[in-house]
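>>> Here's my sequence, what's the structure:
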Amino acid sequence: MKCAVLVFPGSNCDIDMYKAVEDCLGEPVEYVWHAESNLDEFDCILLPGGFSYGDYLRPGAMASMARVMASVKEAAAKGKLVMGVCNGFQVLTEAGLLQGALRRNQSLKFRCEMVDLRVENNDTVFTAEYAAGEIIQIPIAHGDGNYYCDETTLADMEQNNQIVFRYAGANPNGSIDNIAGIINKEGNVLGMMPHPERAVHEWLGSADGKRMFTSILQSWRDKNGVTQRA
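Residues are numbered from 1 along each chain as shown. This next block holds a predicted model:
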């Protein structure tokens, strides 16, 4: 499985994402600059956190118009795996690949801390190695993580089991229905505000994020009939 870590001007979690793939999976991974126009060689596309284009206009708004995003949309339409974390989540909503929007934290303060998440849906390619209802610890670091959608969209996502993670403790940003991460209806595009790539070793404070990466790899192997290397 070959992974692409997209890099926009202002990305600052691209190295974290790259190292998480390298450390957890040992699979090929490359940085891909925002001006690239072809992602055909990649099986999994990762949009990291940061402050793309300085969060001008809105977080993720300018990045959603970058040249590479046309290829991200094509890849998603083909069923390839796409995951956006923090600013990457914002980019995916701005690009229309995920429903809803991310607004300023209700406190109007930047929040950087470890939070408890409940795995609401473990029947996805991203969460297959978790148990349904499991509480995991993943760090957050955002000022615009307040997920919002209208009531009709929320009901639709509930019906389609698209809410993947909810905050299990205190809601750090005021997001509707305590939502921390969602998936598209097709099940191949995930967005979440917490940073699993920063929770892949116990010495980081938690290794609960590692299973997201191993879930992705195992799901890709199962789909493509690839047996695990010895």
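
>>> Report the separation between the nearest residue to residue 205 once chain neighbours are set aside and residue 195.
Among residues not flanking residue 205 along the chain, residue 114 sits closest, at 5.9 Å (CB to CB, 6 or more residues apart in numbering). Heads up, the C-betas are built off the backbone N, CA and C, glycines and all. With distances taken as CB to CB, to the nearest Å, residue 114 is found 10 Å from residue 195.

>>> okay, now residue 79: neighbour count?
12 (other CB atoms under 10 Å).

>>> That one reaches residue 184, doesn't it?
No. With contacts counted by CB atoms under 8 Å, residue 79 stays clear of residue 184, the gap being 10.9 Å.

>>> tell me which strands and helices the helix of greatest length in the chain is in contact with?
Taking DSSP state H as the criterion, the chain has its longest helix at helix 210-224. Under the contact criterion of 3 or more CB pairs under 8 Å, 6 or more residues apart in numbering; DSSP states H and E, helix 210-224 touches helix 14-24, strand 81-85.

>>> any idea of the angle that helix forms with helix 14-24?
Interaxial angle of helix 210-224 relative to helix 14-24 (axes from the mean of the first three to the mean of the last three CA atoms, to 10 degrees): 70 degrees.

>>> Just the residues contacting helix 210-224, thanks.
Under the criterion CB atoms under 8 Å, 6 or more residues apart in numbering, residues 1, 20-21, 24-25, 27, 43-44, 81, 83, 124-130, 196-197, 199-201, 226-228 lie in contact with helix 210-224.
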